[in-house]
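Colleague: Sequence and predicted structure are below.
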Amino acid sequence: MDAIKALADPGLREAARDELAARGSAAVGSLLDELLDANSPVPHGQIEFVLTERIGPVAFDEVLTALAATEDEESRRRVSRVFTSFRAVDRYVEALSHPFAEVRNSAAYGIQSACSVAFGREPNPDVDYALVIDALTPLLADPDPEVAQRAEWVLTMLGPGVVERMREVRVHGPANLRSRALSVLASVGGEEALSPADRAAVERLIRIKALDDQALPLDTCFTSWIAVPTGDQQGIVEALDLFEARPATFGLGLSVGMHDSHDGAEYGRVYVTPEVDGWTLVVGPWCNPVDPERADDVLRVVTELSRRYRRAQAYYFGEQGGGSGWLVVEDETVVRRFGSYWDDDGARYTVGEPLPEERAACVEEGITLGDAGADDEEWTDLAAYLAPQLADQLGVSPLDLGPHNTVRGVGAVALTPYAREHGRPNTGAYAI
């Protein structure tokens, strides 16, 4: 125990590691007790290092037993971190059939850490990937939903070898694996990885769901959209030079928008809503009127839309301090453009005088806008949250859609002119 306590002292740490390594399996129980002691001064990382790097594989079984015996979330988290750091793929494969869900979940995560080829990582040369894929596949139907989800995630990270295995499941079953196998295929290779039969089944499902599709809030955390007061969806698609527009439910549009907004602002794809209370919305990062890369082009296309439909608008809203931006154009004249971020007063985007709705919001908050002695900092703070409110007041906001809205037609996911120049966006598994 003295050697374990010494791990907390940088000056004694190396000698303590050597002593504990020399004790081997005899020290494992005491190290785990220290790990689970809420009042221990020893850093958890030091205990993990000794167990996994200095004592090594002989500690695996006792750590597994401790993981299966944990009764609270914090204890599970601490022991799981040690368990998943052994990088013992063969032992993790064995543990995938353990009766305790937390052990199965942690074993799958251990495989992920040791075998993932996601984000450009090289395959682990010591791993039989076909064996690992076969072992993980039954967990797609695990009775514990967290284990099933973990198995799906890990399979998407094991490289192209998983495609053929998932195709086999789609054709031959078992039936309870087929749904998640489809998600794995879509995540790994997009639509191209699906068989013609699967593609046809997905398209048929979209058509069926679209028959009674209701509006949903299109809140993607970083939400950009163009709003046009018309139900002429096809005319908007043509005016924006969108292509390969394909039917999509609100749920699918939201799923695509979430993906595209969180993965580095994907400009190659948008969701075009059906007519909602007399408006059509085009949702996706490509529509951001105050994005330095997109601002000029959005100004151009919104102005062109106003020529055809008299009015057109564009907005951006980032939750949790991500800022706001808006662009309002009438009859090809920019009425107002403004952008507000925590670290930017929006001056580089500002066109026109504040809208009556902006001034009303300031009055409500007791802020003087645009006059001598005005508090610009207070205005900037307010404006960073203002886009959804302005969109509601001037038309329809995608953040507030729901069953109360009247919907006519069917939405569509389409590619933008950006995709023609820069390539198609990455695809994945999206909710319909």
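Modeller: Now that the structure is in, tell me what you want to look at. Owing to the predicted nature of the structure, the values given are computational and were not obtained by experimental measurement.
Colleague: Which positions in stretch 376-389 come out as buried?
Modeller: Buried positions in stretch 376-389, judged by neighbour count with 16 or more other Cβ atoms under 10 Å: 379-380, 382-389. All C-beta atoms are positioned from the backbone trio N, CA, C, and that covers glycine.
Colleague: Where does the prediction get shaky in this structure?
Modeller: Along the chain, the model assigns pLDDT under 70 to residues 1, 263, 342-347, 369-375.
Colleague: All the strands of it, residue numbers only.
Modeller: Residue ranges of the strands in the chain, as given by DSSP state E, are 222-228, 243-248, 269-272, 275-276, 280-283, 311-318, 323-330, 333-340, 407-408, 411-415.
Colleague: mind saving the C-alpha coords of the fifth one as PDB?
Modeller: Listed in PDB are the C-alpha atoms of strand 280-283, where the atom choice follows Å, rounded to 0.1, in the frame of the first residue of the first chain:
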ATOM      1  CA  THR A 280     -40.400  27.300 -48.500                       C
ATOM      2  CA  LEU A 281     -37.200  27.000 -46.500                       C
ATOM      3  CA  VAL A 282     -33.800  25.900 -47.700                       C
ATOM      4  CA  VAL A 283     -31.700  24.600 -44.800                       C
END
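Colleague: Name the strands paired with it and say parallel or antiparallel.
Modeller: With DSSP bridges as the test, strand 280-283 is paired with strand 222-228 (antiparallel), strand 269-272 (antiparallel).
Colleague: Over to the second one?
Modeller: Partner strands and pairing direction for strand 243-248 (DSSP bridges) are strand 411-415 (antiparallel).
Colleague: before we move on, the earlier item: can I get the strands of the chain in JSON lines with distance to residue 117 and mean neighbour count?
Modeller: Converted to JSON lines, those look like this (distance: least, Cβ to Cβ, whole Å; neighbours: other Cβ atoms under 10 Å):
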{"stretch": "strand 222-228", "distance to residue 117": "28", "mean neighbour count": "27"}
{"stretch": "strand 243-248", "distance to residue 117": "30", "mean neighbour count": "16"}
{"stretch": "strand 269-272", "distance to residue 117": "25", "mean neighbour count": "26"}
{"stretch": "strand 275-276", "distance to residue 117": "42", "mean neighbour count": "20"}
{"stretch": "strand 280-283", "distance to residue 117": "32", "mean neighbour count": "27"}
{"stretch": "strand 311-318", "distance to residue 117": "32", "mean neighbour count": "26"}
{"stretch": "strand 323-330", "distance to residue 117": "36", "mean neighbour count": "24"}
{"stretch": "strand 333-340", "distance to residue 117": "40", "mean neighbour count": "20"}
{"stretch": "strand 407-408", "distance to residue 117": "42", "mean neighbour count": "15"}
{"stretch": "strand 411-415", "distance to residue 117": "28", "mean neighbour count": "24"}
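Colleague: could I get those as TSV with distance to residue 132?
Modeller: Below are the strands of the chain laid out as TSV (distance: least, Cβ to Cβ, whole Å):
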stretch	distance to residue 132
strand 222-228	35
strand 243-248	35
strand 269-272	33
strand 275-276	46
strand 280-283	39
strand 311-318	39
strand 323-330	44
strand 333-340	48
strand 407-408	46
strand 411-415	34
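Colleague: do you know which of those lies nearest residue 175?
Modeller: strand 243-248 (27.1 Å; Cβ to Cβ).
Colleague: Check the buried residues of stretch 376-389 against residue 270 and report the nearest one.
Modeller: The closest of the buried residues of stretch 376-389, once distances to residue 270 are taken by Cβ to Cβ, is residue 387, at 17.6 Å.
Colleague: From what I see, the closest one and residue 314 are in contact.
Modeller: No: under the criterion of Cβ atoms under 8 Å, residue 387 is not in contact with residue 314, lying 9.9 Å apart.
Colleague: who touches both of these two?
Modeller: 325-326 (Cβ atoms under 8 Å, 6 or more residues apart in numbering).
Colleague: Surely residue 355 and residue 335 touch.
Modeller: Yes: under the criterion of Cβ under 8 Å, residue 355 makes contact with residue 335 at 7.3 Å.
Colleague: can you list residues touching both of these two?
Modeller: Taking Cβ under 8 Å, 6+ apart as the criterion, residue 355 and residue 335 both touch residue 328.
Colleague: Okay then, goodbye and thanks.
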